[in-house]
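# Here's my sequence, what's the structure:
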Amino acid sequence: MTNTLHLPARPDAPIACEMSSAEDTPDERLHEYGRLFQTALLRRQRRADSVSFWFRADPGTREALEELARRESACCPFLGYRVETTGDEVIWTTTNPLTGDERAAIDVFLDALHGLPDHPGSNIASLYDHLTEHELHVLENGDRFELRR
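The predicted structure follows:
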């Protein structure tokens with residue numbers, strides 16, 4: 001049996017992460033990713049338009065991933081999010097539906113997302129540094145940061 005939460009990308013959304021209404025900080029959010037990776041991650045895959053993570057369907061994992069997906073969708077609605085349970089695994093997929101230069105910029109962001117399990121304890125500053133090293137500029141404006149190539 002498959003159970004799916006699908007939060008589609010909003011095509012009119014700016015390429016910006018808006019956390020002004022978030023109850024957590026960017027560093028707290030990265031810490032939550034790290035905790036989930038450390039406790040339940042089974043494998044990951046980078047595809048041309050997405051990143052998928054497979055987690056053990058331990059008690060609370062599905063709920064934590066759904067909550068995280070909803071928060072990510074609220075701050076970064078230019079991406080699509082999908083959480084599905086198949087058997088004893090929960091699969092989280094983040095999808096880049098953009099085209100052209102915008103797609104290339106977000107592909108760098110998805111590469112960084114795919115690499116997060118390799119960098120436990122990452123903070124937002126190290127994520128920004130990684131993006132900048134790959135020619136994706138992060139423009140901060142209060143609780144909002146824009147991604148530009």
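# Next, please give the residue ranges for the strands of this structure.
2-7, 16-18, 41-47, 50-56, 80-86, 89-95, 137-141, 144-148 (DSSP state E).
# Switch these over to a markdown table; also include mean pLDDT.
What follows is these, written out as a markdown table (pLDDT from 0 to 100):
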| stretch | mean pLDDT |
| --- | --- |
| strand 2-7 | 88 |
| strand 16-18 | 85 |
| strand 41-47 | 98 |
| strand 50-56 | 98 |
| strand 80-86 | 97 |
| strand 89-95 | 98 |
| strand 137-141 | 77 |
| strand 144-148 | 75 |
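# any idea of the pLDDT on the residue nearest to Phe78 when sequence neighbours are not counted?
In this structure, Phe78 finds its nearest non-sequential neighbour in Ala13, 4.3 Å apart by C-beta to C-beta, 6 or more residues apart in numbering. Glycine gets a C-beta too; all of them are placed from N, C-alpha and C. Residue-level confidence at Ala13 comes out at 90, pLDDT.
# Ala13 reaches Cys75, doesn't it?
No: counting by C-beta atoms under 8 Å, Ala13 does not reach Cys75; the two are 10.4 Å apart.
# Between these two, tell me which one has more neighbours.
In terms of neighbours (other C-beta atoms under 10 Å), Cys75 is the more surrounded of Ala13 and Cys75; the figures are 20 against 14.
# Would you mind measuring from that one to Thr61?
In this structure, Cys75 and Thr61 are 21 Å apart, going by C-beta to C-beta, to the nearest Å.
# what distance separates stretch 46-54 from the centre of its chain?
Once both centres are worked out by C-alpha atoms, centre = their mean, to the nearest Å, stretch 46-54 turns out to sit 10 Å from its chain's centre.
# Stretch 34-46 too?
12 Å.
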